[in-house]
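Engineer: Quick one, what's the 3D model for this:
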Amino acid sequence: QAQLVESGGGLVQAGGSLRLSCAASRSTFNRYAMGWFRQAPGKEREFVAAINWSGTTYYADAEKGRFAISRDDAKSTVYLQMNSLKPEDTAVYYCAAAASISNDLSDYRSWGQGTQVTVSS
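Structural biologist: Here you go, the predicted model:
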């Protein structure tokens, strides 16, 4: 399984932007679909966005137009650019790897430790 390490979280005001990064340890990174999920306090972990090996992307409806997922296979890194952030985007954000692109948590076998994003009003 790939080892995944997220970074880039922090505190930002509503309307601001953040870019999350997720670095993978495996040289076979380019064979994986990568996803971003988030979990707010007291809530279940939910899908945010995913990207497959060819660059096809998939977003949760609430994030379409605000968030953008991308990958750099040369750096074994996946990114999540988050714009127009809202207080309800506050959560721990996790990246994960799967065999194919999916919005289902159970399809993802490798997970990072998460990075906190806090959006103040």
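
Engineer: If we go by neighbour counts, what in stretch 51-67 is buried?
Structural biologist: The neighbour-count check on stretch 51-67 (16 or more other CB atoms under 10 Å) flags 51-52, 58-60, 63, 67 as buried. From N, CA and C alone the C-beta is placed, and that goes for glycine too.

Engineer: Out of those residues, the closest to Ala33 would be?
Structural biologist: Asn52 (4.3 Å; CB to CB).

Engineer: pLDDT check: weakest of the buried residues of stretch 51-67?
Structural biologist: Across these, the smallest pLDDT goes to Glu63, namely 88.

Engineer: before we move on, the earlier item: would you mind putting the buried residues of stretch 51-67 into a markdown table with secondary structure and distance to Glu44 alongside?
Structural biologist: Putting the buried residues of stretch 51-67 into a markdown table (DSSP: H, G, I helix; E, B strand; the rest coil; distance: CB to CB, whole Å) gives the following:
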| residue | secondary structure | distance to Glu44 |
| --- | --- | --- |
| Ile51 | strand | 22 |
| Asn52 | coil | 24 |
| Tyr58 | strand | 19 |
| Tyr59 | strand | 18 |
| Ala60 | coil | 13 |
| Glu63 | helix | 16 |
| Phe67 | strand | 19 |
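
Engineer: Tell me the helix or strand right after the helix or strand bottoming out on mean pLDDT in the chain.
Structural biologist: Ranking every helix and strand in the chain by mean pLDDT, DSSP states H and E puts strand 108-111 at the bottom, with a mean of 93. Moving toward the C-terminus from strand 108-111, the next helix or strand (DSSP states H and E) is strand 115-120.

Engineer: Now do the contacts for the residue nearest the centre of the chain.
Structural biologist: By CA atoms, centre = their mean, the chain has its centre lying nearest to Trp36, at 2.5 Å. Contacts for Trp36 (CB atoms under 8 Å, 6 or more residues apart in numbering) come out as 20, 22, 48-50, 69, 78, 80, 93-96.
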